[in-house]
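1. turn this into a model:
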Amino acid sequence: MENTELIKYAAEAEKNAYAPYSNFSVGAALLGKNGKVYTGCNIENSSYGASNCAERTALFKAVSEGEREFDKIAIVSSSGDYTYPCGICRQVLSEFMPDGTVVLFSESDGIKEFKVSALLPEAFRL
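-> Residues are numbered from 1 along each chain as shown. The predicted structure is shown next:
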């Protein structure tokens, strides 16, 4: 799947974000090796620690449906600029797609790609 198509899925997912505290909505679209796309959005909570990022929402949805291998994830946000995954999301992504690609989009600068391993070198492993 082309990056532009995956970004469109992420943009649709962003519309479902629940972000009343930060007003910063994020959407993610995760491509499984089977070709299926799993989407997620950020979901905030008044107890901030109970919030969940779009990337983990998509990944947890996919894993809960039996998918374990992924090629890439696209991330977009209401900022219109590149929105990198947080540290927790980087660790979770490294668990399931250490060789996968993170696709970021900026309305003014276009698309950037990074390997998960480049965003989190020396990831924690058991």
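2. most centrally placed residue in this protein?
-> Glu55 (3.0 Å; CA atoms, centre = their mean).
3. so that residue belongs to a helix, correct?
-> Yes. When the secondary structure is assigned by DSSP: H, G, I helix; E, B strand; the rest coil, Glu55 falls within a helix.
4. that one touches Ser94, doesn't it?
-> No. The pair Glu55 and Ser94 does not pass the contact test of CB atoms under 8 Å, sitting 11.6 Å apart. The way it works is simple: take the backbone N, C-alpha and C, and place the C-beta from them, glycine included.
5. overlap in contacts, the two.
-> Contact with both Glu55 and Ser94 is made by no residue, according to CB atoms under 8 Å, 6 or more residues apart in numbering.
6. and the gap between the closest residue to Val103 other than its chain neighbours and Ala50?
-> Excluding its sequence neighbours, the residue lying closest to Val103 (CB to CB, 6 or more residues apart in numbering) is Ala74, at 4.2 Å. For Ala74, the distance to Ala50 (CB to CB, to the nearest Å) stands at 25 Å.
7. same question, Pro85
-> Remark: distance between Pro85 and Ala50 (CB to CB) = 19 Å.
8. equivalent analysis for Phe24, please.
-> When distances are taken as CB to CB, Phe24 and Ala50 turn out to be 17 Å apart.
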